[in-house]
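Student: sequence and predicted model, in that order:
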Number of protein chains: 2
Amino acid sequence: MDDTRFNLIAKALADPQRFAILQRIAQQDDCPCMALVDECSITQATISHHLKELAGAELISARREGKCGYFTLKPETLAAYQAELSRRLLSGSEAVAPKGRSV
Amino acid sequence: MDDTRFNLIAKALADPQRFAILQRIAQQDDCPCMALVDECSITQATISHHLKELAGAELISARREGKCGYFTLKPETLAAYQAELSRRLLSGSEAVAPKGRSV
DNA sequence: CATACGTTTAGACAAGTATCTAAGGGAGCT
DNA sequence: AGCTCCCTTAGATACTTGTCTAAACGTATG
């Protein structure tokens, strides 16, 4: 995973409101946008902005059906990020386990 | 892990320069401050600032010997962060594995 | 003691971004 | 077609924060 993508994901995870949205989506596949608007204390516009960043980091996928939008966590992106974190920090001076070469 | 601490760690990991410093420290226990100054293209003051944030997030521990400072990664904090990430996002609607109760 | 060296702190500045309001689009309903 | 509903985009604003310079601090050493 290249630095740019790695940092994009890290930043996406680093805002509390945005993470709360992500956490809510993680609880329910195909989570409707309306649910997020109802449960978060920020405006629809801001939520839309955060959703765009989460989608940009590929932490979620978006689906549109009629007027409504639905969002689903992409667990493989999260797993890739965690693997990369370990690869970069926990491989230390000891030889790195080369099984995760670039998820 | 409470939200504040979780977010503190996430933010500490989200800046490229700061992460580069952390990654350098991860490669060498007791990494001297001077090494960071030499290898990074930012001023000593900024490095000191980043080190303070990393230490604040308990991602590193600091040691002082004479004039020089030495820093070491705290892998347990990283592991706790990763466990919390999984707990919050990957436990989904399925019953959460309750073995990691609050690392 | 004075000086030099490594580091930290203070203060300032600029860039990024989270947020809001207001306006724009698209999809369904009447 | 017109209206309403859900969502996105545009533009503005305020706050956060990464960065620098300059000054201060602590520790050795001449």
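Tutor: Thanks, I have it.
Student: can we go C-alpha only for contacts and neighbour counts from here?
Tutor: Noted.
Student: tell me which residues touch the residue nearest the centre of chain A, please.
Tutor: In chain A, the C-alpha nearest the mean C-alpha coordinate belongs to residue A:59, at 2.8 Å (C-alpha atoms, centre = their mean). Neighbour list for residue A:59: A:9, A:73, A:74, A:75, A:77, A:78 [criterion: C-alpha atoms under 8 Å, 6 or more residues apart in numbering or on different chains].
Student: distance of it relative to DNA strand D?
Tutor: Separation of residue A:59 from DNA strand D (C-alpha to the nearest atom of the strand, to the nearest Å) stands at 15 Å.
Student: and what of residue A:47?
Tutor: Residue A:47 is 7 Å from DNA strand D, where distance means C-alpha to the nearest atom of the strand.
Student: that residue is in contact with residue A:37, isn't it?
Tutor: Yes. The pair residue A:47 / residue A:37 is scored as a contact, 7.2 Å apart, by C-alpha atoms under 8 Å.
Student: so which residues of chain A form helices?
Tutor: Taking DSSP state H, the helices of chain A run over residues A:3-13, A:16-26, A:33-39, A:44-56, A:75-89.
Student: wait, does the fourth one contact chain B?
Tutor: Okay, so that is helix A:44-56. No. Judged by C-alpha under 8 Å from any C-alpha of the partner chain, helix A:44-56 makes no contact with chain B; its nearest approach is 13.5 Å.
Student: that helix packs against which elements?
Tutor: Contact analysis of helix A:44-56 by 3 or more C-alpha pairs under 8 Å, 6 or more residues apart in numbering or on different chains; DSSP states H and E lists helix A:16-26, helix A:33-39, strand A:60-65 as its packing neighbours.
Student: over to the last one?
Tutor: Other elements packing on helix A:75-89 under the criterion 3+ C-alpha pairs under 8 Å, 6+ apart are helix A:3-13, helix B:16-26.
Student: what parts of chain A come near DNA strand C?
Tutor: Residues of chain A found near DNA strand C (C-alpha under 7 Å from any atom of the strand) are A:11, A:15, A:17-18, A:41-46, A:49-50, A:65-67.
Student: for the residues you listed, work out which two are farthest apart.
Tutor: Using C-alpha to C-alpha, the residues of chain A next to DNA strand C reach their maximum pairwise distance at A:11 and A:66, which is 31.1 Å.
Student: what comes up buried for stretch A:56-65?
Tutor: A:57, A:58, A:59, A:60, A:61, A:62 (16 or more other C-alpha atoms under 10 Å in any protein chain shown).
Student: between the residues you listed, which is nearest DNA strand D?
Tutor: Comparing those against DNA strand D with C-alpha to the nearest atom of the strand picks out residue A:62 as the nearest, at 7.8 Å.
Student: bridging residues for the closest one?
Tutor: Beta-bridge pairing for residue A:62 (DSSP bridges): residue A:71.
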